[in-house]
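Q: Sharing a model that was predicted from the sequence below.
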Amino acid sequence: MSTVSAESRPNLYFRDYLLESVYLRTSEAQRAEILTLYRNAGAGIQGADAERSSHEAVYLIRAPSGELAGVSTVALVRVKGGLRFYSSSLFIRPRDRVPFLMVAVLNATRDFLRNFKHPVMQPVGMLIVNENPKLMRPGIRRAFVRNGYKYWGQSAAGEDVWVAEFAMPDTAGVSLPSVDPTMLGNEGC
């Protein structure tokens, strides 16, 4: 398995948007930008959750003007049964929700994390819990499938749960065990 080091993290572009790679190395200024974005763009996250999330950024999404337009974050979670995953969240401010930006950022986040050697423990995949009902429409579901995500069902709250599987150590090519998506939860890392 190849690994990604802090020195080899390239920034990416989607159209005129910059995806700035910052995982596990966000500066105080970048965290302040994230908190301002959450507050001013109505992200629905605040207080301790917003502060924690600002430390979990993978990509900062910068508009052509250079201002922060969105952020991709992940938290390490362990599901029932002990498997560890990255739990992915994505927020893009409304005026920057251009076609295919969301999918491009999710794919960049997945592809980066698949090759990243995590200092705590290597997760077996990336989970996406779609809290936005618009992301549960048939067309969006087809887009997730086309981009390699597997549908796991719905959470107890009725949200679609998707997974991007990574190769598990010593089990390359073996699918992840079936997990009841209603049992997803952070049991600690």
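A: Looks like it arrived, so ask away. Keep in mind that this is a model prediction, so the values were computed, not measured.
Q: Show me where the chain has its strands.
A: Remark: strands assigned in the chain by DSSP state E are 12-14, 17-21, 57-62, 68-78, 84-92, 125-130, 150-154, 160-165.
Q: how many other residues sit next to the closest residue to Asp160 other than its chain neighbours?
A: Spatial nearest neighbour of Asp160, excluding adjacent residues (Cβ to Cβ, 6 or more residues apart in numbering): Asn130 at 4.4 Å. Placement of C-beta: from N, CA and C, glycine included. When neighbours are counted by other Cβ atoms under 10 Å, Asn130 registers 19.
Q: List the residues that contact Asn130.
A: Contacts were defined as Cβ atoms under 8 Å, 6 or more residues apart in numbering; by that measure Asn130 touches Met136, Glu159, Asp160, Val161, Trp162.
Q: Quick check: the gap between Met121 and Arg78.
A: 9 Å (Cβ to Cβ, to the nearest Å).
Q: Between these two, which has more neighbouring residues?
A: Arg78 (16 against 10).
Q: Pairing partners for the more buried one in the sheet, please.
A: Taking DSSP bridges as the rule, Arg78 bridges to Arg84.
Q: again, but for Leu19
A: Beta-bridge partners for Leu19, by DSSP bridges, are Leu12, Ile61.
Q: Give me the pLDDT for Pro138.
A: The model reports Pro138 with a pLDDT of 88.
Q: Is it correct that Ala75 is in contact with Ser87?
A: Yes. Using Cβ atoms under 8 Å, Ala75 is in contact with Ser87, at 4.9 Å.
Q: So between these two, which is more surrounded?
A: Between Ala75 and Ser87, counted using other Cβ under 10 Å, the more crowded position is Ser87 (20 against 16).
Q: separation between that one and Pro123?
A: 9 Å.
Q: and for the two, which residues touch both?
A: Counting by Cβ under 8 Å, 6+ apart, the residues touching both Ser87 and Pro123 are Leu76.
Q: Can you give me the buried ones in stretch 37-46?
A: By neighbour count with 16 or more other Cβ atoms under 10 Å, stretch 37-46 contains the buried residues Leu37, Tyr38, Ala41, Ala43, Ile45.
Q: Skipping its backbone neighbours, what lies nearest the fourth one in space?
A: Read it as Ala43. Phe91 (4.8 Å).
Q: The first one too?
A: In space, Leu37 comes closest to Leu68 once its chain neighbours are excluded; the distance is 5.0 Å by Cβ to Cβ, 6+ apart.
Q: partner residues bridging the one you found?
A: Here Leu68, judged by DSSP bridges, has bridge partners Arg62.
Q: how near is it to Ala29?
A: Leu68 is 11 Å from Ala29, by Cβ to Cβ.
Q: Tell me which of the two has more neighbours.
A: A side-by-side neighbour count of Leu68 and Ala29, using other Cβ under 10 Å, places Leu68 first with 20 against 8.
Q: Cool, thanks, talk later.
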